[in-house]
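J.: need the 3D shape of this:
(2 chains)
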Amino acid sequence: MLRDGNLIAAAQEERFTRLKHDPGIPKEAFRYCLTEAGLTIADVDCVAYYEDPQKKLDRQLWMGLPQLPVATPQALFRLDAMRPEREIRELLGFEGQIEFVEHHQAHAASAFFFSGFDDAAVLTVDAVGEWATTTYGRARGAGLELFEEVQFPHSLGLLYSAITSYLGFDVNDAEYKVMGLAPYGEPAYLDEIRALIEPLEGGQFRLNLEYFDFFRGERMFSDALSDLLGAPPREAESELSPFAKDVARSLQVVLEEILLEKVRYLHGCVPSTNLCLAGGVALNCVAIERIGLEGPFERVFVQPAATDAGGALGAAALAHVRLTGEAPNPAPLAHVYLGPSFSSAHITQLLRPSAAKVEDFAGREDELVEAIAERLASGEVIGWFQGRMEFGPRALGNRSILADPRNPEMRDRINALVKKREAFRPFAPAVLESKARDHFALDHPAPFMVETCQVVSALDLPAITHVDGSARPQTVDGTNPRFHRLLEAFERRTGCPVLLNTSFNMRGEPIVCSPVDALLCFIRSNLDCLVLEDFVLDRNGLPEAWLDWFGGTSPRLERGVADSIYTLL
Amino acid sequence: MKRTRRERLRPLTERLSRLLATDDGTEILSVLQRLRLEMLAPSTEDASPEQGSLRLGVWDAELQPDGSVEFLRSEDCAEEWRYWADVERIPPKQGARVVLLGESVARGYLYDPAVTPARVLGAMLRVDVVDLARTDLVPGELPELAEALPALEPDAVVLFAGNNWLNAVLDAPEDMELLARAIRRDGFAACREAFLNDVVVKRCGNVLDRMAGILGALEIPVVVVVPEFNLADWRNEPTLLVPVLPKGRNVPWMAALEQAERALVEGRLEDVALHATEMIELDGGTSAVPHELLAKARPADARAHLEAARDAVCGLLLPHSPRCTSHVQELLRSKSSEHGFALVDLPRLFAEHRGGLLPDRALFLDYSHLTLEGIRVAMTEVAERLVPLIGDGAELQAAQIEIDPAEEAAAHFLAAIHNAHYGQSYEVIRHHCSAALDLAPSVSGLMLGFLDYQHGYAEPWMCKSFDEVARRPNVRRYLAPEGRRPMRRLADVILVEAIVDVLASHEIPLQEDGAPPGEPIDLLAGRHQSSTFREEGGYTFGPKPAYRRFFGLVSAFQLRCAAPAPLRLRLTCRVPSANGQSPPVEVRVNGAAIGELPASATWATAELEVPGAEIRAGANRIEIAWPLLEPRWEEQLERAARSLERGVRPDVLPVFGEVHALTAQL
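T.: As a prediction, this is how the structure comes out:
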């Protein structure tokens, strides 16, 4: 929701529906944005959509060749260029102007218009939009021009996803696991991975399609890939072999090489000091670190919601430009606390009829942060819920699970308590911005957790330090005052201005949105303590009944019995 | 760089995409896809489930040392447990054995686990009855269960199903296309006819044929039970009046309804029949309402009219309470005859049992779930059919159904909730509340607990009172939050009135349900607006919009207030069929007119100040009265047909008003 060019609200539908990656038209998020802005649907001038449906249909038709159209049960009814407009009209109820923005234009705009830069070179990299998979652009003021693109099927995102799939992880969800796995391996398969992709002149590159299978929609790679790498695909959830780690490392190295080469090319075309990045591949924070350190640009801005969620920001910004001829508010994105908040009064009413033991710190924030710092210092794992929900994939201190990063057991403990994720994946740190340089090789604020750097701390921080000595820190300043105070309080107690900060959710579940989501996650997991705004709930103070109803269960994604029939169920 | 042949085709697909990026283009593409799929794909009708499955419902087979097979309830399916019999294990066969397959009626819904038809049957026959009935079973699951039956070695199978078949059999694209053609031909009346006569008969017939093939090959005799419906007491939800009618017939239909209702009040039964007949001519049989009026006007023919009312809403592709229509009943009879199944015909049996009276609350807790009397009568007849099929050793015993009065009372209270959540009348809801109290005064604790958690601000499961209610074993199956899914809440206005009435001697502290001070209250939330889940969901199986559609001329919202105080209402609404001459939209609070808005076909927002004098301590009723306008029927019918052709079930009812936002600020 942009109002007069100012970013008012943003939220992902999955947070409301609790269906991860919910692909539906964002009805709940739409309603939330109106409420947050104090507007009604009648006040909205324009709804922007982050894709050109006709161009997407073109690519779908082409992909289906020689069938025309492709006819599989899965593809039935999917070739529908009118769907976005129809659903905006019929399901959102919007009567006004609709602006369609090409996918990579939306990505590019989401980075540049929120970077605070006067001018910039722009690079977008993802799996695929309509046709483009990588674009190169220049931007100044209200102007944004994408002057070159790489088109499907040649795609860095798809390359990474195909290997992700080969390594037994979920495509479009688990690419970051491959990135996390890479430091455990050796680049032993560089030749083989390089055989998959051929860098070309300018911004171009070309995949060797012999090794891929993007057209049938069943899997992303061909048998030739197994032959090339000399091993069959890994079974999901099976043990991770040294081979898998080596392949992950090799892939990461090749990705970084190509990105660096193309960033240098872009700088040649657009000799700005600034680079803006977006698209799913821009969340490869390891590659972003190398671009920052070794690339030609002085300053790099990565849209924190670099994946398709952030496309909404860019689409809205470009629609604003089209309607007004002016750029949106040129200030840099100060934070991504753009989702719903819930007042202490709301939580009071929510908790009042329960049997839960609740400690109320209303009006005593200092005591609250001291109490939580003490719990953290004593090894407790805290569910931390306050303020407006973050937009994008990272929890940045408002919907976070927090813990002491110095504890060597903490990574395994959090995995056992709540996250249930692969042991090799590191957790990220939050650090007081004023102390960041003492602990991380960072020379600038990093409020969005979009880049990695080396841990240089005199402290031993095993829970947030990856096997290669890196971390993906969030620097925290007064923009998030309560979280900042908590870090200060923790430092006063321990001398450590760093906390482990991971997203507040269970495996397979979107990050919690409401206090009830947080409570359910708290009950289902084994977190020690939950902070809901001014209220603190201890695990020992939970009503037995709550544990009886929900303890040990997992979040539900599908329904077993139709509500429409069995009304009691 | 040399381009591949595929790459050289890009200009052509680009051109094609431009031509097809329209509504017609989308339709062309889906038709082409359908043609190719039909040409290539084998029929899936006869596809058998995977062989060698060792799971039966929620029970996994475990081979015993002696070679026999025992089934143990699987932790993997813990969230499904409460839809099945509450038994840990199904032991190897030891004596004569019967398997019961069926839906929630066969589960003994609302009595289960205290009483189940399977246990009643077992007691009557003194044989082992394996209870494989499942709440919400759909017809496609039956053959899968039947395939696994050899492991249980049953001597006979009882099939007690048919209530869930209507809304579960529509998913094949060709069926949806058939219905789309029917809609274009003559609206939803033709759609209904095509659905009942073609789709239901074909799909459900196939299921029964497959069952016959599987069980016949195993030489297992079958008893089929034809379900009956609570004809006397059950009515459709009040909002389910009539679908969009072709040729501008909705307004005349509403006018005839008004006249019929006035005639009924004035006792002019011939006029009632006259207007009801006129309504049927207008709606083509798509509304239960005129048939219900005819049942009142011509009581001698009530059964036929009420059966027509039961069936009228079926085939309209919108959510309604489960039921077994005449079409399905007749199919069960004819297929039983064809395949040599023994038959227990509940419509005939219940009519005999009740001496010709219509089936009613004596036999039913709701639309189709049976009372203890209904279970006893039905199972007695089933047992009689089974005796000759099981062979030696089986004989019929008179069995009394034993149940703790507190559990029977709980079942009636649950029935009151269930009836309320289907929009049933105050009289029926109160009957069940009263029956519950008569059976066990202690049920008042349940009722008070329900009032407490259902009408507070917090989620039900968060309230102390909820735990006290839902922890009871026979309540837990129905009211507990499903392991992963918290419950939703409705306004329950009539239910609360009924409970308060029967509990007149108790002190009832009803909470106010306002938001925290200063925060606006969203009156579109189900807890302020909806009596039923289908109402909350917009009476559609299709996607729910981001705003609320209203299908009645008056939309009511409930707000509980601690004390009289001024209120500010903020309403964003539109009237889809409005034109420049349309009457205004009226807003009323507790019956007093508060304001009017011009009826606008586009969204408009109004703020209305409600004086404190119009607000009561306790429940307040806020109403929006929409103008009666003819829907844009050509547009809506075409949209419905196109929706079906995209594989999406359509919106069916005429929309009188739409609200995007309605908040109250105290």
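J.: quick one: low-confidence parts of the chain?
T.: No chain was given, so I picked chain A. The model of chain A has pLDDT under 70 over residues A:217-218, A:556-569.
J.: oops, I was thinking of chain B
T.: Within chain B, the stretches with pLDDT under 70 are B:1-2, B:41-53, B:392-394, B:482-487, B:505-515.
J.: distance of residue A:95 from chain B?
T.: 5 Å (C-beta to the nearest C-beta, to the nearest Å). Yep, even glycine has a C-beta here, placed from its N, CA and C like the rest.
J.: burial measure for that residue, as a count.
T.: By the criterion of other C-beta atoms under 10 Å in any protein chain shown, residue A:95 has 16 neighbours.
J.: isn't it right up against residue B:604?
T.: No. Between residue A:95 and residue B:604 there is no contact under C-beta atoms under 8 Å: 10.9 Å.
J.: A helix includes residue B:559, no?
T.: No. Residue state for residue B:559 (DSSP: H, G, I helix; E, B strand; the rest coil) corresponds to strand; a helix is not indicated.
J.: ok, the nearest residue to it once chain neighbours are set aside - how many residues close by?
T.: Distances taken as C-beta to C-beta, 6 or more residues apart in numbering or on different chains place residue B:620 nearest to residue B:559, at 4.8 Å, with adjacent residues excluded. Neighbour count of residue B:620, defined by other C-beta under 10 Å: 19.
J.: distance check, residue B:620 against chain A.
T.: Distance, residue B:620 to chain A, using C-beta to the nearest C-beta: 19 Å.
J.: what strand or helix carries residue B:234?
T.: Using DSSP states H and E, residue B:234 sits in no helix or strand.
J.: which residue, other than its chain neighbours, is closest to residue A:15?
T.: Spatial nearest neighbour of residue A:15, excluding adjacent residues (C-beta to C-beta, 6+ apart): residue A:513 at 4.0 Å.
J.: contact partners for the residue of the stretch 301-450 of chain A found nearest chain B?
T.: Nearest residue of the stretch 301-450 of chain A to chain B, counting by C-beta to the nearest C-beta: residue A:345, 3.4 Å away. Residues in contact with residue A:345 (C-beta atoms under 8 Å, 6 or more residues apart in numbering or on different chains) are B:516, B:517, B:518, B:519.
J.: wait, the residue nearest to residue A:15 sits on residue A:341?
T.: No. Applying C-beta under 8 Å as the test, residue A:513 and residue A:341 come out as separate, 10.4 Å apart.
J.: higher neighbour count, those two?
T.: Neighbour totals were compared for residue A:513 and residue A:341, and residue A:513 leads with 25 against 14 (other C-beta under 10 Å).
J.: middle-most residue in chain B, spatially?
T.: residue B:321 (3.0 Å; C-alpha atoms, centre = their mean).
J.: relative to residue B:260, how far out is it?
T.: 24 Å (C-beta to C-beta, to the nearest Å).
J.: show me where the stretch 301-450 of chain B has helices.
T.: Remark: helices assigned in the stretch 301-450 of chain B by DSSP state H, counting those that start in this stretch are B:302-312, B:326-339, B:346-353, B:372-390, B:405-420, B:426-439, B:443-454.
J.: now do the stretch 151-300 of chain B
T.: Secondary structure of the stretch 151-300 of chain B (DSSP H, counting those that start in this stretch): helices at B:173-194, B:201-217, B:250-265, B:269-283, B:289-297.
J.: mind putting those helices into a markdown table with distance to residue A:351 and mean neighbour count?
T.: Shown next, in a markdown table, are those (distance: least, C-beta to C-beta, whole Å; neighbours: other C-beta atoms under 10 Å in any protein chain shown):
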| stretch | distance to residue A:351 | mean neighbour count |
| --- | --- | --- |
| helix B:173-194 | 47 | 21 |
| helix B:201-217 | 49 | 18 |
| helix B:250-265 | 47 | 18 |
| helix B:269-283 | 51 | 20 |
| helix B:289-297 | 46 | 23 |
